[in-house]
Each structure stands twice: as C-alpha cells, then as structure tokens.
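Student: heads up, no residue letters with this:
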C-alpha cells in the first residue's frame, strides 16, 4: 500500500468487521459505507436483532487495520455514503449497489428528505437510474480499464440511462440500477448534462471530451 493514505475517512476511525474475516480474509463477501460515512465489512453475515449474536459475529478494527487486512478496500475510495459493494473474488471486482432502507423507518425518511432538500439538479437524488453493467463495477486488477460514461440518455418518460465506453456502439448490453445521486458522485462529469430534456441524448468521443447533443 502506498504511504499516502488512499481513503477519505480517518485511518483511525472504527470499522465494524466480521470476526471471521480477521481469521480468514478470503471469506470477504461485502462492504457497506453507511450514510454517516462509516464502514461495515462482512463475510456475508448481517446484523441480528439479538445483540449477543452481533457480539459473537462482529468486532471493531481501525480503518487502517482493516485496509492492511483487506487491501482491496482501497479501490472503494470513490464510494459515496449510502452504497454497498459485493466482492467477486473470481474477477477481483467490487459490484456496487445503492443501499436499501434499514429497519429504522423514521431515520431512513429523515435521511431521504435531507438528500432531496440538498439536491440541486433535475430529478430526485433517490431516483433509480440504469447504467451499463461495467459502470457499476470497480475492478482491482492493475490492467483494469478506466471507467467513464460515454453516453447519457434521457428517455421520453424522463428516466435516465448512462452508458460506458466499454459498450460497443449499436449493440445490446446489460444494465444495473443505482440511485441518481450515487451516479453523480461516482461520475461527477455527468452533472453538466443532467439538464437533458426527455428524449435527448448526449454523447462524447473520449473520457474528458466535451458532451455533444446527438439526439432530441
């Protein structure tokens, strides 16, 4: 790991981690970054209503210790709060998702309302939008291609589709869903084309190139 700290959180901040991972890091299943920007890392076990069960399953490490144990956590440095990442060991890739609501309905509503109030772009930050699959993945291999949005589509019904450079022109592709705010946090250069009206399509020739209106 580089001497430069790779994550935005304090390296001494606490991480809730499954005891099983301390014994065998290869059992890593997923990581969650909650709305308070705190990490939860698991072998697949979820929190239980029984606190005694939770104490048996989970403990705490500093974030620095967690990264030393699981260095591929550093690939999640761009992950915004409120997201989860499943670990695919066969492909050495994180698979991203927006976190579903918790058991605390009142707290979920408060967080949701605060996000909507702070949103300064068209649409809603909690709208689910579609992305080509590779845009919802973070590979950790050294030869992994850069991830970037090539095309932004505002469908006639007002919904959004974001297409990456990995998708060949005029070919079918698989999509996944994320919340709109999470997309803008992962790919901030799409913010400028959120002004698209329904039916419009913006495209660009290369990452970092200017967006061009190509339809609508």
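Tutor: Right, received. Where do you want to start? The shown structure was predicted, so the numbers you read here are calculated from the model rather than taken from an experiment.
Student: wait, what's in contact with residue 123?
Tutor: 158, 160, 180, 194 (Cβ atoms under 8 Å, 6 or more residues apart in numbering). Heads up, the C-betas are built off the backbone N, CA and C, glycines and all.
Student: ok, it to residue 106 distance?
Tutor: From residue 123 over to residue 106 the distance is 25 Å, taken as Cβ to Cβ, to the nearest Å.
Student: which element is the residue of the chain most remote from its centre on?
Tutor: Here the centre of the chain is the reference, and by Cα atoms, centre = their mean the most remote residue is residue 52, at 30.7 Å. Under the criterion of DSSP states H and E, residue 52 resides in helix 51-57.
Student: repeat for residue 97
Tutor: Judged by DSSP H and E, residue 97 forms part of strand 93-98.
Student: Please name every helix or strand in contact with that strand.
Tutor: On a contact count with 3 or more Cβ pairs under 8 Å, 6 or more residues apart in numbering; DSSP states H and E, strand 93-98 meets strand 83-88, strand 137-139, strand 175-179, helix 180-186.
Student: Quick one, which of these gets closest to residue 64.
Tutor: Across these, residue 64 has its closest neighbour in strand 83-88 (19.2 Å, Cβ to Cβ).
Student: Check what pLDDT residue 107 gets.
Tutor: Confidence at residue 107, expressed as pLDDT, is 81.
Student: typo on my end, it should be residue 14
Tutor: 96.
Student: pretty sure residue 174 contacts residue 132?
Tutor: Yes. If you go by Cβ atoms under 8 Å, residue 174 and residue 132 touch, sitting 7.3 Å apart.
Student: and these two? which has more neighbours close in?
Tutor: residue 132 (21 against 9; other Cβ atoms under 10 Å).
Student: Now do stretch 34-52: distance to the chain's middle.
Tutor: The chain centroid and the centroid of stretch 34-52 are separated by 17 Å under Cα atoms, centre = their mean, to the nearest Å.
Student: now swap in stretch 169-187 and tell me
Tutor: 11 Å.
Student: Name the residues of it that are buried.
Tutor: For stretch 169-187, burial by neighbour count (16 or more other Cβ atoms under 10 Å) applies to 176, 178, 179, 180, 181, 182, 183, 184, 185, 186, 187.
Student: quick one, domains of the chain?
Tutor: As given by automatic domain parsing, the domain ranges for the chain are 14-98, 117-204.
Student: Tell me which of these sits nearest to residue 212.
Tutor: domain 117-204 (5.7 Å).
Student: okay, how far is it across that closest one, tip to tip?
Tutor: Taking Cα to Cα, to the nearest Å, domain 117-204 runs 31 Å from one end to the other.
Student: Now that domain: average pLDDT?
Tutor: Domain 117-204 carries an average pLDDT of 93.
Student: just stretch 29-37 next, same as before
Tutor: Per-residue scores along stretch 29-37 average to 94.
Student: which residues touch residue 157?
Tutor: Here residue 157 is in contact with residue 198 (Cβ under 8 Å, 6+ apart).
Student: What separation is there between it and residue 121?
Tutor: 18 Å.
Student: What is whichever helix in the chain runs longest packed up against?
Tutor: If you go by DSSP state H, the chain has its longest helix at helix 105-118. If you count contacts as 3+ Cβ pairs under 8 Å, 6+ apart, helix 105-118 packs onto no helix or strand.
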